[in-house]
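Participant: Predicted structure and sequence below. I'll ask about it afterward.
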Amino acid sequence: MKLEVRDLGVSYGATPVVRDLNFTLDGDDILMLVGPTGCGKTTILQAVAGLVPIECGQIQLGDRRIGAADHVPPEKRHIGMVFQDFALFPHLSVAQNVGFRLSNQAPVNHWLNRLGLEPLREARPERLSGGQKQRVALARALAHEPSLMLLDEPLSSLDASLKDVVRWEIRDALKEAGVPAIWVTHDQAEALSVGDQVGVLNAGRLQQVAPPEHCFGRPANRFVAGFLGEASFVPGQFGGGVAKTALGSAPAMMADSDVATEVDLLVRPDDLELTQASASQGQGEISWSRYEGGTRLYRVALDEGGSVRVRVNHEQSLSPGQRVVLRINATEPLTAFPRA
Ligand SMILES: Nc1ncnc2c1ncn2[C@@H]1O[C@H](COP(=O)(O)OP(=O)(O)OP(=O)(O)O)[C@@H](O)[C@H]1O
């Protein structure tokens, strides 16, 4: 089913929480919704589900049009929901949870099997691990053959090792079910790796919605650049598709439809090369380092002001205070913003 959200606004009392929201989901698209705490992610899910009233705009769910004046109750929207805290019925078995109010047992058996829950079908939720509970919640939502899935931080209650497993189980199950989904997460890496689309929200407004590579490589503004991770900005001059900076020249494009010659070039840790320099050389000095296993992350304070982060192989071990030579090493155009 196709979901089209147009100019959606939601307020709690007199406080606007979501404004001018526009996006479309079709086929089996997974939209990962990210943004700082309190920016309105859960409110968007609740508005789409019909759990909070919309103030303005429209939600088109298949052939149903929902507006401020024409509400459709949640149970008529055919939406499956998965929450952080699983929300299982404690007095029902796994199979009863998954098949709750369903007469057709075929999808129940399918998802119990598919998610490895068959041996647990008679178990009560209290006996299950966090990962198993979340699989039950997912099986329950999918067994009802929803037209759209909403997932609100489904991995938040799981420990780190389980998160990575369950994340891909959920994605694979959503793809098999062939339904579009909105998946709220706090984890930028998860959003980039799992999503077909990433929506970056700030203060109730969608800053960008686009495929992950686009949001990361071509962020629409500095907020998106910074929120999706490890952004450094290096001053430079832009012209003819090239940005010239103290760290070298690089192919570049202006963000969005901005026009400027004095720019700040977005440089991420993998866009830079770093070599050790003598005391009188280089463009800056290391202020801290973080060992990451296979790699090391350095923060370099630049002589001309500001700083950059650089990621190198773990064998390149340098100490704070060490002077370094930095070079931008990018073959794809980097994104430039008008000088702040
Ligand atoms: N029922 C409510 N009544 C009044 N204000 C609310 C209600 N629910 C949420 N809010 C407020 O609306 C804003 C958006 O909340 P929401 O839960 O949608 O954000 P979020 O992005 O999901 O946050 P988090 O990442 O912390 O879960 C916040 O300022 C929150 O305090």
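Facilitator: Received, thanks. Numbers count the residues shown, from 1 in each chain.
Participant: Helix, strand or coil: sort out the residue lying farthest from the centre of the chain for me.
Facilitator: Here the chain reaches farthest from its C-alpha mean at residue 280, the gap being 42.9 Å by CA atoms, centre = their mean. In the three-state summary, residue 280 is assigned as coil, counting by DSSP: H, G, I helix; E, B strand; the rest coil.
Participant: what's the spacing between it and residue 68?
Facilitator: 67 Å (CB to CB, to the nearest Å). Bear in mind the C-beta positions are built from the backbone N, C-alpha and C, glycine included.
Participant: Would you mind giving both backbone torsions of the residue farthest from the centre of the chain?
Facilitator: When read as degrees, to the nearest 10, the backbone of residue 280 gives phi -100, psi 0.
Participant: what's the distance between it and the ligand?
Facilitator: Here the criterion is CB to the nearest ligand atom, to the nearest Å. By it, residue 280 lies 48 Å from the ligand.
Participant: Please apply the same query to residue 108.
Facilitator: Distance, residue 108 to the ligand, by CB to the nearest ligand atom: 31 Å.
Participant: Could you pull up the residues touching the residue nearest to that residue when sequence neighbours are not counted?
Facilitator: With CB to CB, 6 or more residues apart in numbering as the criterion, residue 108 has its nearest non-adjacent residue at 4.1 Å, and that residue is residue 99. Counting by CB atoms under 8 Å, 6 or more residues apart in numbering, residue 99 makes contact with 105, 108, 143.
Participant: Residue 205 now?
Facilitator: Residue 205 makes contact with 18-21, according to CB under 8 Å, 6+ apart.
Participant: what about residue 106, how many neighbours?
Facilitator: 9 (other CB atoms under 10 Å).
Participant: Map the structural domains onto the sequence of this structure.
Facilitator: When the chain is parsed with automatic domain parsing, its domains come out as 3-217, 233-338.
Participant: what pairs with whichever strand or helix holds residue 266, and is each one parallel or antiparallel?
Facilitator: Using DSSP states H and E, the element containing residue 266 is strand 262-267. Note on strand 262-267: by DSSP bridges, its sheet partners are strand 232-239 (antiparallel), strand 334-338 (antiparallel).
Participant: Wait, residue 2 touches residue 29, no?
Facilitator: No: here residue 2 lies out of contact with residue 29, judged by CB atoms under 8 Å, at a distance of 9.5 Å.
Participant: Show me which of the two is the more surrounded one.
Facilitator: residue 29 (18 against 15).
Participant: mind checking pLDDT for that one?
Facilitator: We have a pLDDT of 97 for residue 29.
Participant: my guess is it contacts residue 197, does it?
Facilitator: Yes: checked against CB under 8 Å, the pair residue 29 and residue 197 is within contact range at 6.0 Å.
Participant: Shouldn't residue 80 be within a strand?
Facilitator: Yes: with the criterion set as three-state DSSP, the secondary structure at residue 80 is a strand.
Participant: burial of it, as a residue count?
Facilitator: Counted with other CB under 10 Å, the burial measure for residue 80 works out to 23 neighbours.
Participant: do the same with residue 51
Facilitator: Around residue 51 sit 14 other residues, with neighbours defined as other CB under 10 Å.
Participant: In terms of helices and strands, where is it?
Facilitator: For residue 51, there is no host helix or strand (DSSP H and E).
Participant: mind listing what it touches?
Facilitator: Residues in contact with residue 51, defined by CB under 8 Å, 6+ apart, are residue 74.
Participant: if we look at the sheet, which residues does the closest residue to residue 279 other than its chain neighbours bridge to?
Facilitator: Of all residues beyond its chain neighbours, the one nearest residue 279 is residue 323 (6.0 Å), with distances taken as CB to CB, 6+ apart. Here residue 323 sits in beta bridges with residue 285, as judged by DSSP bridges.
Participant: How confident was the prediction at the residue nearest to the spatial centre of the chain?
Facilitator: Among the residues of the chain, the smallest C-alpha distance to the mean C-alpha position (CA atoms, centre = their mean) belongs to residue 191, namely 2.8 Å. The confidence metric pLDDT takes the value 96 at residue 191.
Participant: before we move on, what about the one 4 residues further on?
Facilitator: You'll see residue 195 listed with a pLDDT of 96.
Participant: Tell me what the closest residue to residue 340 other than its chain neighbours is bridged to.
Facilitator: By the measure of CB to CB, 6+ apart, the closest residue to residue 340 outside its immediate chain neighbours is residue 264, 5.9 Å from it. On the basis of DSSP bridges, residue 264 is bridged to residue 235, residue 337.
Participant: wouldn't residue 264 be in contact with residue 233 here?
Facilitator: Yes: under the criterion of CB under 8 Å, residue 264 makes contact with residue 233 at 3.9 Å.
Participant: And those two? Which one has more around it.
Facilitator: Of the pair residue 264 and residue 233, residue 264 is the one with more neighbours under other CB under 10 Å, namely 25 against 20.
Participant: helix or strand right after the longest helix seen in the chain?
Facilitator: Of all the segments assigned as helix in the chain under DSSP state H, the longest by residue count is helix 160-177. Sequence-wise, the next helix or strand beyond helix 160-177 is strand 181-184, with elements assigned using DSSP H and E.
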